[in-house]
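In: Just to be clear, the model below is a prediction. Sequence and coordinates:
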Amino acid sequence: MNSKDKRNKLVIVCSKGSLDMAYPPLMLATTGAAMGMEVHLYFTFWGINMISKKTIDSLKISPVGNPALPMPNILGMLPGMTSMLTSMMQKKMDKIKMPTIPEMIKTAKESGVKFHACSPTLDMMGLKREDLIPEVDDIIGAATYLDLASEDAITLFV
Amino acid sequence: MKPTTVVDSRGTMCPGPITDLFRAYRNANVGDVIELLATDPGAKSDTDAWAKRSGNEVVAVIDEKDYIRIQIRVVKKGKQ
């Protein structure tokens, strides 16, 4: 029996630009590629922060509006709190030797993961191909994404 | 079993061990035995899942004091 029941493609939409949300798609992508799946990452809206040269090294996490964090919004709003939380999180990652986002992108790329940027988002942000990291394969639109996602694919939205 | 290649992934967390294993697998030949050393608690189940997916075989799992040794025989080289 062939593996008709198992899907062989993994397509993940990355729409968030915060440090905490940058990790899940990259970890899943790299693992999927290691398992022989065809993996595509589609960066749209704030996900572009993950692949833009200007922002890739300075992704942050905000304490405001996140009920999963123990800080009350009124404190989290104070200047400097976002930076503090971001460096706390980075320290935790360093402690467990978690690679940085740029390192994970390199590993994902080496493993065969394809990186696609959303064209209207780039237009909205006034960004061009040259503003994006070299790992980006191409700039595509929604129709291309839907075509990729419509067959044999696990589709995830982050 | 004496492994052909040893991949030391101790100290890394998911997807570290699987990525390291995959890298070694790409350079391995059918019949090779890759030994993966890991401290990640998810490594054993991840390796089982990986082996199932890729058509390869976990031949031994040895629990050492602070880490685990997993031996995988390369049965099939898939399309890369």
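Out: Right, received. Where do you want to start?
In: Run through the residues of chain B sitting next to chain A.
Out: Taking CB under 8 Å from any CB of the partner chain as the contact definition, chain B meets chain A at B:11-16, B:18-19, B:21-22, B:46, B:49-50, B:53-54, B:78-80. From N, CA and C alone the C-beta is placed, and that goes for glycine too.
In: Show me just the buried residues among those.
Out: Neighbour-count burial (16 or more other CB atoms under 10 Å in any protein chain shown) applied to the residues of chain B next to chain A gives B:12-16, B:18-19, B:21-22, B:46, B:50, B:53-54.
In: From these, which land in helices?
Out: If you go by DSSP state H, those have B:Gly16, B:Ile18, B:Thr19, B:Leu21, B:Phe22, B:Asp46, B:Trp50, B:Arg53, B:Ser54 in helices.
In: Can you add pLDDT and give the residues you listed back as a markdown table?
Out: Shown next, in a markdown table, are these (pLDDT from 0 to 100):
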| residue | pLDDT |
| --- | --- |
| B:Gly16 | 88 |
| B:Ile18 | 92 |
| B:Thr19 | 91 |
| B:Leu21 | 95 |
| B:Phe22 | 94 |
| B:Asp46 | 91 |
| B:Trp50 | 91 |
| B:Arg53 | 87 |
| B:Ser54 | 89 |
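In: just curious, which of those is nearest to A:Met124?
Out: B:Thr19 (33.7 Å; CB to CB).
In: Who are the contact partners of the closest one?
Out: Taking CB atoms under 8 Å, 6 or more residues apart in numbering or on different chains as the criterion, B:Thr19 is in contact with A:Thr30, A:Thr31, A:Ala34, A:Thr107, A:Ser111.
In: Those residues: which two are farthest apart?
Out: Of all pairs drawn from the contacts of B:Thr19, the widest gap by CB to CB lies between A:Thr31 and A:Thr107 and measures 10.6 Å.
In: A:Ala68 and A:Gly17, how far apart?
Out: 18 Å (CB to CB, to the nearest Å).
In: Looking at those two, which has the bigger crowd around it?
Out: Neighbour count, other CB atoms under 10 Å in any protein chain shown: between A:Ala68 and A:Gly17, A:Gly17 has more, with 18 against 5.
In: who touches that one in this structure?
Out: A:Gly17 touches A:Phe45, A:Trp46, A:Gly47, A:Ile48, A:Asn49, A:Met50, A:Thr55, A:Leu59, counting by CB under 8 Å, 6+ apart.
In: How about A:Lys54?
Out: By CB under 8 Å, 6+ apart, the residues touching A:Lys54 are A:Asp131.
In: the helices in the chain, which residues?
Out: You didn't pick a chain, so chain A it is. Under DSSP H, chain A gives helices at A:19-34, A:73-76, A:81-95, A:101-110, A:119-125, A:142-149.
In: sorry, should have said chain B
Out: So, for chain B - with DSSP H - the helices run B:16-26, B:43-54.
In: the inter-axis angle of the first one versus helix A:19-34?
Out: To tie it back to what came earlier, the one meant is helix B:16-26. 30 degrees (axes from the mean of the first three to the mean of the last three CA atoms, to 10 degrees).
In: cool, the longest one as well?
Out: What separates the directions of helix B:43-54 and helix A:19-34 is an angle of 50 degrees, with the same axes, to 10 degrees.
In: which residues are contacting helix B:43-54?
Out: The contact list for helix B:43-54, computed with CB under 8 Å, 6+ apart, reads A:6, A:31, A:34-36, B:9, B:14, B:17-18, B:21-22, B:25, B:36, B:40, B:56-58, B:61, B:68, B:70, B:72, B:76, B:78.
In: Using PDB, write down the CA coordinates of that helix.
Out: Written as PDB, here are the backbone C-alpha positions of helix B:43-54 (Å, rounded to 0.1, in the frame of the first residue of the first chain):
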ATOM      1  CA  ALA B  43      15.100  12.400  20.400                       C
ATOM      2  CA  LYS B  44      13.900   8.800  20.700                       C
ATOM      3  CA  SER B  45      10.400   9.300  19.500                       C
ATOM      4  CA  ASP B  46      11.600  11.800  16.800                       C
ATOM      5  CA  THR B  47      14.000   9.300  15.500                       C
ATOM      6  CA  ASP B  48      11.400   6.600  15.400                       C
ATOM      7  CA  ALA B  49       9.100   8.900  13.400                       C
ATOM      8  CA  TRP B  50      11.900   9.900  11.100                       C
ATOM      9  CA  ALA B  51      12.900   6.300  10.500                       C
ATOM     10  CA  LYS B  52       9.300   5.300   9.700                       C
ATOM     11  CA  ARG B  53       8.900   8.200   7.300                       C
ATOM     12  CA  SER B  54      12.200   7.700   5.500                       C
END
